[in-house]
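J.: here you go, sequence then predicted model.
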Amino acid sequence: MMEPLNVYASRLVNEKEFFTPGHKSCQGCAEALAVRLVAKALGENVVVAAATGCMEVVSSAYPHTSWDVPWIHVAFENAGAVASGLEAGFKALVRKGKLPEKETVFLGMGGDGATLDIGFQALSGAMERGHDMVYVCYDNEAYMNTGIQRSSATPVGATTTTTPGGKINPGEEFSGKKDMPKIMVAHNIPYVATACASYPLDLIEKVKRAAATKGPAYVHILSVCPTGWRIASEKAIWIGRLAVETGVFPLYEVINGRYKMTYPDLELRPVEEYLKPQGRFRGLSPVQREEFQKTVTAEYERLKKRTVL
């Protein structure tokens, strides 16, 4: 007999807060919720290297901090390098007998700009070298903390301050955002996963699996931004669920190269249900919305073909 969900959840979720209340994130910020859930999943034996971004700005304004674990603010571009250096330094100190050996998670974290763009080189190097670390990308699909500029995670047609009106240039291919999880899979690392704060228990389970993995692990979390996505603050969790339920952001894991869909029997809803509530997509024409649907459907079918039962 299966135990009730509330009992299961209480065993899975750490009741202690390691990313504490009192930070200055916007109302409805799903990224702050994602960070909170990741912190709960990892517990107290963790060292965090956090790139410049929204979460650094809202959580560490001197002399205050929302972090109850060792946390280092690093430059926009080098969270992967710093996290890998922490892991290597810790191992060296253990070998020399200067630190006791214990299970410690070394976490690098950044937004989509710090991960897919500015910090890609450092992250790629850390993954290629095989460091025993976890990297989490909080993907809100633009450079939100500096004024909502486009990143390579921004969907085609989405309005940002550098893509006003969401205009698509003549002849531009209607393609999706940079597929960072797939790029991480190409590094032949043992664990890659996608997650969303709208599915908290799934997110926590995946982060725990990433931490338990020997070697590098990467978790890509969709983090709805009410401000940049032009939605009401109370709609963030709903929009995150629509992203998954329409196939715009599928949830899956790749364990030692083998793909596994989180919800393999999911019957997709029309992509328009996801696009319509968001002000950033108001510039899309009916034809462009159809192309968006075709792109999502094709990518989702390709993903399903990679999965194993």
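T.: In hand now; what should we look at?
J.: quick check: the gap between Val69 and Tyr274.
T.: Taking C-beta to C-beta, to the nearest Å as the measure, Val69 falls 34 Å from Tyr274. Any C-beta I mention is one placed from the backbone N, CA and C, and that applies to glycine too.
J.: what does Ala210 give?
T.: Going from Ala210 to Tyr274 by C-beta to C-beta gives 27 Å.
J.: now swap in Asp179 and tell me
T.: Between Asp179 and Tyr274 the computed distance is 18 Å (C-beta to C-beta).
J.: between these two, who's got more neighbours?
T.: Neighbour totals were compared for Asp179 and Tyr274, and Tyr274 leads with 24 against 15 (other C-beta atoms under 10 Å).
J.: contacting residues for the more buried one?
T.: Shown in contact with Tyr274 (C-beta atoms under 8 Å, 6 or more residues apart in numbering): 239, 242-243, 246, 248.
J.: what are the buried residues along the strand or helix carrying it?
T.: Element membership for Tyr274, per DSSP states H and E: helix 272-275. For helix 272-275, the neighbour count (16 or more other C-beta atoms under 10 Å) marks 274-275 as buried.
J.: Thr307 versus Gly252, what's the distance?
T.: Careful, residue 252 is Tyr; it's not Gly. To Thr307, Tyr252 is 7 Å away according to C-beta to C-beta.
J.: now swap in Ser223 and tell me
T.: For Ser223, the distance to Thr307 - C-beta to C-beta - is 24 Å.
J.: neighbour-wise, which of these two wins?
T.: Shown here are Ser223 and Thr307; by other C-beta under 10 Å, Ser223 has more neighbours (27 against 15).
J.: tell me the secondary structure for the nearest residue to the more buried one once chain neighbours are set aside?
T.: Among residues not flanking Ser223 along the chain, Glu31 sits closest, at 3.6 Å (C-beta to C-beta, 6 or more residues apart in numbering). Three-state call for Glu31 (DSSP: H, G, I helix; E, B strand; the rest coil): helix.
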